[in-house]
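take a look and give me a structure for this.
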Amino acid sequence: MHRVLCGYVAIIALGVMLGAPVVQAQGKSRIDMVVWRGCEEACQAFRSFFEERSLPVDIRVIDVDRDQTKLPEVRDDIIASRPDMVVTWGTSVSVGLLGTREAYGARTALGDIPALFMIVADPVRSDLVESYASSGRPMVTGVQNRVPETTQIQLIKTYMDLAHVGVINDPHEHNSQLNTETLRALGHENNFKVTALAYDLMPDGTPDLRQIPMLMDRLKGAGVQAVYVGSSSTNLEQRHAFTAAAVARGLPVFTAYAQMVQDSQALMAVANAYANVGRLAAAQALKVLDQGQTPGDLPIASLDRFSVFLNMGVAADLGLYPPLDLINIAEIIGRQEGP
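Numbers count the residues shown, from 1 in each chain. Predicted structure coming up:
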């Protein structure tokens, strides 16, 4: 019998009721999807992929609500209930549930339960997988959602002569630290400086988001030309306050998150839409559940294309109009009048 865990929210989809026994219907597969911050676009698209095709899959979505301390109990419940597949959303959830290769070798903390990760910024450097060609772990596969930082920086440098970029990290987000290390390496290769700051933590361990204006002041004082958000759930969730504070100080925000341009004040994003990532993950899951393929035999799947998003309203406010080469390939957000 499935027990509803205390301390996290379980969202049951496709006919499985909250708190009811998890009974695998005849001929159906069951997926446990563990998410970091609710069922957002990638999660919704993953579920819709199966619903729209009337495929025989029950999906239980488990939201740990940004609390890593809930992951051990979630892991124990998954091992006890033995779904046909576990899907993990984000670096913190994926590392917390599967464990690293250093800790578990070719196995995972879930034993012989097949697992698929998504929305992991750098699964190789996070030590979830051996390479993008092969996970090196028979029970693990996944999908890439990130546009390579090299590509992002090339497009940013197409927009402006980048000499100094700033980042603000949540100390709890390992993916953000890895992303900043990558950015520093690219800075050495491409002759730009990186200034990285971090939020202080509150007594409850959460980042002190009241510091956003102060941290932007520090970046401005350090002489940065732009702020970069490569991989940070915290800054994505706080995008309105984050981008507003940057723009108020004349700092453009470049990002790997389309949402920060589409409904906030980031200037440019080079991104894959999360909905497309969710659909790609569902197609990868189907290869395991329907076709019987071993997860570790599948390469880490990736999307063939990415998109550039430009917020022309913010460009006008900052007086930073993009070159025609970018306008011609971008999805334009906001007003488009000239200077």
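
end-to-end on stretch 52-60?
17 Å (CA to CA, to the nearest Å).

pull out the buried residues from it.
Under the neighbour-count criterion of 16 or more other CB atoms under 10 Å, stretch 52-60 has Val57, Asp58, Ile59, Arg60 buried. For every residue, glycine as well, the C-beta is placed using N, CA and C.

cool, stretch 181-188 as well?
The neighbour-count check on stretch 181-188 (16+ other CB under 10 Å) flags Thr182, Leu183, Leu186, Gly187 as buried.

and for it, what are the contacting residues?
122, 125, 149-150, 153, 165, 167, 192-194, 196, 228, 230 (CB atoms under 8 Å, 6 or more residues apart in numbering).

now, those residues that are in strands?
The strands, defined by DSSP state E, take in Val165, Val167, Lys193, Val194, Ala196, Tyr228 from those.

in ChimeraX, select just the buried ones from those residues.
Burial among the ones in strands among the contacts of stretch 181-188 is assessed by 16+ other CB under 10 Å; the matching ChimeraX selection reads:
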select :165,167,193,194,196,228
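
now tabulate the ones in strands among the contacts of stretch 181-188 in JSON lines and tack on pLDDT and distance to Ile300.
Formatted as JSON lines, the ones in strands among the contacts of stretch 181-188 follow (pLDDT from 0 to 100; distance: CB to CB, whole Å):
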{"residue": "Val165", "pLDDT": "99", "distance to Ile300": "28"}
{"residue": "Val167", "pLDDT": "99", "distance to Ile300": "26"}
{"residue": "Lys193", "pLDDT": "98", "distance to Ile300": "32"}
{"residue": "Val194", "pLDDT": "98", "distance to Ile300": "27"}
{"residue": "Ala196", "pLDDT": "98", "distance to Ile300": "27"}
{"residue": "Tyr228", "pLDDT": "98", "distance to Ile300": "24"}
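
of the ones in strands among the contacts of stretch 181-188, closest to Gln177?
Distance to Gln177 across these (CB to CB) is lowest for Ala196, with 8.9 Å.

give me the beta-bridge partners of the closest one?
Under DSSP bridges, the beta-bridge partners of Ala196 are Val167.

quick one: contacts for it?
Listed by CB under 8 Å, 6+ apart, the contact set of Ala196 reads Gly166, Val167, Ile168, Asn169, Thr180, Arg184.

show me how the record splits this structure into domains.
Per the record, the chain has its domains at 9-145+274-297, 149-271+306-333, by automatic domain parsing.

I'd like the mean pLDDT over the longest one, please.
Confidence over domain 9-145+274-297, taken as the mean pLDDT, stands at 90.

which parts of stretch 141-157 are buried?
Under 16+ other CB under 10 Å, the buried positions of stretch 141-157 are Thr141, Gly142, Val143, Gln144, Asn145, Arg146, Val147, Glu149, Gln152, Ile153, Leu155, Ile156.

make JSON lines out of the residues you listed and add secondary structure and distance to Ala42.
Converted to JSON lines, those look like this (DSSP: H, G, I helix; E, B strand; the rest coil; distance: CB to CB, whole Å):
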{"residue": "Thr141", "secondary structure": "strand", "distance to Ala42": "16"}
{"residue": "Gly142", "secondary structure": "strand", "distance to Ala42": "12"}
{"residue": "Val143", "secondary structure": "strand", "distance to Ala42": "9"}
{"residue": "Gln144", "secondary structure": "coil", "distance to Ala42": "12"}
{"residue": "Asn145", "secondary structure": "coil", "distance to Ala42": "8"}
{"residue": "Arg146", "secondary structure": "coil", "distance to Ala42": "13"}
{"residue": "Val147", "secondary structure": "coil", "distance to Ala42": "15"}
{"residue": "Glu149", "secondary structure": "helix", "distance to Ala42": "20"}
{"residue": "Gln152", "secondary structure": "helix", "distance to Ala42": "19"}
{"residue": "Ile153", "secondary structure": "helix", "distance to Ala42": "24"}
{"residue": "Leu155", "secondary structure": "helix", "distance to Ala42": "23"}
{"residue": "Ile156", "secondary structure": "helix", "distance to Ala42": "24"}
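
give me phi/psi at the spatially most central residue of the chain?
Centrality entry for the chain: nearest residue to the mean C-alpha point is Ile119, 3.7 Å, by CA atoms, centre = their mean. Dihedral pair for Ile119: phi 50, psi 40, per degrees, to the nearest 10.

out of the buried residues of stretch 141-157, who's nearest Ala271?
Closest approach between the buried residues of stretch 141-157 and Ala271, by CB to CB: Val147, at 6.2 Å.

residues contacting that closest one?
Applying CB under 8 Å, 6+ apart as the definition, the contact partners of Val147 turn out to be Ala256, Val270, Ala271, Asn272, Phe306.
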